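Engineer: A predicted structure for the sequence below; I have some questions about it.
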Amino acid sequence: MKNVTDSFVFLGHWPSAGSFGFNTDILATNLINLSVVIGVLIFFGKGVLSDLLDNRKQRILNTIRNSEELRGKAVEQLEKARAHLRKVEMEADQFRVNRYSEIERDKMNLINSTYKTLEQLENYKNETFHFEQQRAINQVRQRVFQQALQGALETLNSCLNNELHLRTINANIDMFGAMKEITD
């Protein structure tokens with residue numbers, strides 16, 4: 001411990017000027033050495049340090065510039081994407097409107113077609129009913145006519161004897177002959 005305190009006491013004592021020698025005091029020589037080293041470093045290292053700082057500054061500026069360029073490209077791509085999105089949305093809206101219009105038109109066509117089909121079916125039904133009615137009327141007429149004819153034939157057969165029958169046939173033949181002469 002005495003060496004440490006002695007070295008502090010020794011700091012207060014400087015050798016007189018004019019003598020040259022080695023100073024063995026570590027603390028006193030360290031300060032001088034450090035100041036010399038720092039001075040040399042500042043003198044010679046100033047250029048290297050400024051070059052390093054300039055290079056770092058350039059790299060930072062280049063990185064900023066590249067970032068700005070990339071940001072500009074990204075903004076441009078974003079604008080293109082937004083424009084494309086707006087275009088696609090407009091096309092989708094137009095398609096939707098056209099599709100709704102087409103669906104409404106198809107719906108109206110289907111309704112009209114259904115009404116026409118129902119109307120045709122109603123007409124077919126009425127025609128079929130009228131046809132069946134006429135057919136039934138004709139069948140009734142035929143039956144009535146057949147029954148009337150049978151009744152008349154039975155009446156004629158029962159009333160006519162052979163001689164009257166021959167006279168009626170001859171009269172009818174004469175009448176047909178006269179009609180034939182008129183038509184010729």
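Structural biologist: Yes, it's here.
Engineer: Number of residues surrounding His165?
Structural biologist: 13 (other Cβ atoms under 10 Å). C-beta coordinates here come from the backbone N, C-alpha and C atoms, glycine included.
Engineer: Per-residue pLDDT of it, please?
Structural biologist: pLDDT recorded at His165 is 74.
Engineer: could you measure Asn33 against Leu49, distance?
Structural biologist: Shown here: Asn33 relative to Leu49, a distance of 21 Å by Cβ to Cβ, to the nearest Å.
Engineer: cool, Glu104 as well?
Structural biologist: From Glu104 to Leu49 the distance is 80 Å (Cβ to Cβ).
Engineer: before we move on, what about Glu132?
Structural biologist: Counting by Cβ to Cβ - Glu132 and Leu49 are separated by 119 Å.
Engineer: ditto for Lys116
Structural biologist: Distance, Lys116 to Leu49, using Cβ to Cβ: 98 Å.
Engineer: cool, and His165?
Structural biologist: Taken as Cβ to Cβ, the span from His165 to Leu49 is 159 Å.
Engineer: before we move on, what about Leu61?
Structural biologist: For Leu61, the distance to Leu49 equals 18 Å [Cβ to Cβ].
Engineer: Based on its surroundings, how many neighbours for Val140?
Structural biologist: 10.
Engineer: check which helix or strand covers it.
Structural biologist: In the assignment (DSSP states H and E), Val140 maps to helix 26-159.
Engineer: tell me the mean pLDDT for that helix?
Structural biologist: 88.
Engineer: name the helices or strands packed onto it?
Structural biologist: helix 2-11 (3 or more Cβ pairs under 8 Å, 6 or more residues apart in numbering; DSSP states H and E).
Engineer: Quick one: mean pLDDT over the helix it packs on.
Structural biologist: Rounded mean pLDDT across helix 2-11 is 48.
Engineer: Which residue lies nearest the spatial centre of the chain?
Structural biologist: Centroid check for the chain by Cα atoms, centre = their mean gives Ala92 as the closest residue, at 6.3 Å.
Engineer: quick one: it from Arg86, how far?
Structural biologist: Counting by Cβ to Cβ, the gap from Ala92 to Arg86 is 11 Å.
Engineer: One more: Gly151?
Structural biologist: Counting by Cβ to Cβ - Gly151 and Arg86 are separated by 95 Å.
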